[in-house]
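Student: Okay, sequence plus prediction incoming.
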Amino acid sequence: MRRILRAYLMAWQMPELIDAAGLALTELVANVVRHVPGRRCSLLMLRQPEGVRVEVTDACPSPPLSTAVDELAEGGRGLLIIEAMTDRWGWQPLTDGSPGKTVWFECDAKART
């Protein structure tokens, strides 16, 4: 997925977003692998006038939770990383009646140039 994101950001002439958006996407997909039964998700990337919006949708209705992390722990920092690397992020439950949620983030190109 990270290669796909990189290809789109290059085509959209936003190479300055590759590192931040790539890391945030990796964290979202890692959360799917860790917490979603079946480990399935869908990816949507949207070019916006100010940058890019990335959405990852999965079948787990539980909201993403940021928990207190022991400084020696190897994991548990994904949402903190997303918050640090992106300009905005959030989530919403699916509205079609099926269980699940979409977690999204936005990176502004102008903020990183």
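Tutor: Thanks, I have the structure now. Numbering: from 1, shown residues only.
Student: For the protein, which element, helix or strand, carries the lowest mean pLDDT?
Tutor: When each helix and strand of the chain is scored by mean pLDDT, DSSP states H and E, helix 78-85 comes last, with a mean of 90.
Student: From the contact counts, what lies against that helix?
Tutor: helix 18-35, strand 88-93 (3 or more CB pairs under 8 Å, 6 or more residues apart in numbering; DSSP states H and E). Every residue, glycine included, has its C-beta placed from N, CA and C.
Student: Name the stretch among the ones you listed that sits most buried.
Tutor: Mean neighbours per residue, mean count of other CB atoms under 10 Å, is largest over these for helix 18-35, with a mean of 18.
Student: Outside of the helix or strand following that helix itself, which residues are in contact with it?
Tutor: Sequence order places strand 41-48 as the next helix or strand after helix 18-35, per DSSP states H and E. Applying CB atoms under 8 Å, 6 or more residues apart in numbering, the external contacts of strand 41-48 come out as 1, 4-5, 8, 12, 25, 29, 32, 52-58, 106.
Student: Give me the lowest-pLDDT entry from those.
Tutor: The lowest pLDDT within the contacts of strand 41-48 belongs to Met1, which sits at 89.
Student: Could you check how far it is from Pro49?
Tutor: Met1 sits at a distance of 24 Å from Pro49 (criterion: CB to CB, to the nearest Å).
Student: quick one: which of those two has more around it?
Tutor: Neighbours of Met1 and Pro49, each counted by other CB atoms under 10 Å, are more numerous for Met1; the result is 15 against 7.
Student: Can you tell me how far that one is from Val54?
Tutor: 9 Å.
Student: so what sits against both of the two?
Tutor: 25, 43.
Student: Poorly predicted segments of this structure, please.
Tutor: 66-77, 111-113 (pLDDT under 70).
Student: rerun that using 80 as the cut-off
Tutor: 65-78, 110-113 (pLDDT under 80).
Student: Endpoint to endpoint, stretch 31-44 covers what distance?
Tutor: One end of stretch 31-44 to the other measures 16 Å (CA to CA, to the nearest Å).
Student: From the chain's centroid, how far away is that stretch?
Tutor: With CA atoms, centre = their mean, to the nearest Å as the basis, stretch 31-44 stands 11 Å off its chain's centre.
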